[in-house]
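Undergrad: sharing a sequence plus its predicted fold:
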Amino acid sequence: MSVRQSQFEALVNAYSSDLYRYAVWLCRDSTQAEDLVQETFARAWRALDSLNDHRAAKGWLITILRREFARICERFGRDPLHMGDSEIEKLSSPEFSDAKPETIMLRRALLKLGVEYREPLLLQVIGGYSGEEIAAMLEIKPGAVMTRLFRARQQLRQALSGGKADGRKEGTSG
Amino acid sequence: MNCIELRRRLLESPGDHREDIQTHLELCESCREFASRSQAIEKELAVALSLEVPEHLTSRILLRQSTSIEKLNRNRRRWWGAIAASVVLIFGFAGMLVVNNYPTSLNATVLAHVNSELRHLNDRTNVQLAQVNKILLPFGSQVLKPIGRVRYAGTCRIRNYDGAHLVVTSELGVVTLLWMPGEYVSSSRNLSDDRFTGIIVPTKTGSVAIVGENLESVKLFENRLRTLGSLAS
């Protein structure tokens, strides 16, 4: 087996699961997510020589995936994979794990988050990236990333508390 | 730091355990409750995002990559073949070289593609006609009536062109339909391997491949597409 082939297989084994999860939550469609991951790795194979630092491989793959998703959006409209109720049910069903009611509520809330809030959250939680790193990947200012993370979690908390603002006196000083 | 700032920082970055945050938490019971709730939600969020990954995902990725290497090698062989053909042309044998191995290559590519996307054959989705046409329209085609239960509708890349990939069921079996704009064939041609049989039929913008596990189902969908006017003739 060639060195190039070994490197590629190592990338697939190390990152395909995280990439798949990221893709599902990004495009909100499990079938299209798998296609997206396959296309990402197909492109990664062709461009493997441009990956100089293998410690940056995960970010590199996520960037390829995001570009591929943007390409699909551009071609098929802003929301090409418009998610119907059935897809929400599918993604938030116990079929995807032995989900507890709170997990299901969170999944539903995640699926309803705008992509501008959902994506930084995915990069932080699934990718493990810092605010600065997310800002570089999304090509926005670090301050904007933090604001979006704040709003994303605020919306999730509201969803978990039944759509009402979290009643834990967020605005009081102590 | 006041409570508002602390809560903002915890929502932005729940893993932030810097000293000023710890100091505030020691003094403020309300914020301790908030932080505790944040940690619980964060754990739940990690669980919620951890969807089960499809079985054999890595092997399917590697299969597709090995298919692309094969394709690359074939293209290289074709490139060297083209050079050789040019030399022969110089000597006046151009007419003998008009027929090359292009159709065979398209057949092989279609079969390799279907074999690398086997998962779609078991898809349980029921894709509606409107969604099918949303996929087909960018490729200059559409189906005016349902052609069967569509289990999967997506885009794919066949050789150098983007196309549409449908998996449709009928009483005679499951069939893969590949709309391949830009892949022109002069007439219908058959294809088969150990598992699949099929046909590539010309259309106005390229061709459509119909591939299934039995010839009857392939013929059934060829007739349906012809009736709907989706095929050239």
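TA: Nice, thanks for sending it over. Residues are numbered from 1 along each chain as shown, chains lettered A, B, ... in the order given.
Undergrad: which residue comes closest to residue A:154 once chain neighbours are left out?
TA: Nearest non-adjacent residue to residue A:154, counting by Cβ to Cβ, 6 or more residues apart in numbering or on different chains: residue B:11, 6.1 Å away. Any C-beta I mention is one placed from the backbone N, CA and C, and that applies to glycine too.
Undergrad: contact partners for the one you found?
TA: For residue B:11, the contacting residues are A:149, A:150, A:153, A:154, A:157, B:38, by Cβ atoms under 8 Å, 6 or more residues apart in numbering or on different chains.
Undergrad: counting neighbours, what do you get for residue 5?
TA: Went with chain A since none was named. Burial of residue A:5, expressed as a neighbour count using other Cβ atoms under 10 Å in any protein chain shown, amounts to 15.
Undergrad: oops, I was thinking of chain B
TA: The local packing count at residue B:5 equals 13, with neighbours defined by other Cβ under 10 Å.
Undergrad: quick check: which element contains it?
TA: Under the criterion of DSSP states H and E, residue B:5 resides in helix B:3-12.
Undergrad: try residue B:54
TA: Secondary structure assigned from DSSP H and E places residue B:54 in neither a helix nor a strand.
Undergrad: now what about stretch B:205-212, what contacts it?
TA: Here stretch B:205-212 has contacts from B:106, B:110-111, B:114, B:139-141, B:161, B:163, B:173-185, B:191, B:196-201, B:218, B:221-222, B:225, B:230-231, using Cβ under 8 Å, 6+ apart.
Undergrad: and the residues you listed, which are buried?
TA: The neighbour count (16 or more other Cβ atoms under 10 Å in any protein chain shown) marks B:106, B:110-111, B:114, B:139, B:141, B:163, B:173-181, B:183, B:185, B:191, B:196-201, B:218, B:221-222, B:225, B:230-231 as buried among the contacts of stretch B:205-212.
Undergrad: where do the helices sit along chain B?
TA: In chain B, the helices defined using DSSP state H lie at B:3-12, B:19-27, B:29-49, B:57-90, B:102-116, B:129-136, B:215-227.
Undergrad: and chain A, by the same measure?
TA: Counting by DSSP H, chain A forms helices over residues A:3-27, A:30-46, A:57-76, A:85-91, A:101-112, A:115-125, A:131-138, A:142-160, given from the N-terminal end onward.
Undergrad: hmm, the first one touching chain B?
TA: Yes - using Cβ under 8 Å from any Cβ of the partner chain, we find that helix A:3-27 touches chain B at A:8, A:9, A:12, A:13, A:16, A:17, A:20, A:21, A:24, A:25.
Undergrad: buried residues in that helix, which are they?
TA: With burial defined by 16+ other Cβ under 10 Å, the residues of helix A:3-27 counted as buried are A:8, A:11-12, A:15-27.
Undergrad: what's the most distant pair in those residues?
TA: Between all members of the buried residues of helix A:3-27, the longest pairwise span (Cβ to Cβ) is found for A:8 and A:25 and amounts to 24.9 Å.
Undergrad: returning to that earlier point: dump the residues of helix A:3-27 next to chain B to TSV, plus pLDDT.
TA: Formatted as TSV, the residues of helix A:3-27 next to chain B follow (pLDDT from 0 to 100):
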residue	pLDDT
A:8	89
A:9	89
A:12	92
A:13	91
A:16	93
A:17	92
A:20	93
A:21	92
A:24	89
A:25	89
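Undergrad: which residues of chain A score low on pLDDT?
TA: When the per-residue scores of chain A are filtered using pLDDT under 70, the ranges that remain are A:1, A:76-99, A:163-174.
Undergrad: with that, I have no additional questions.
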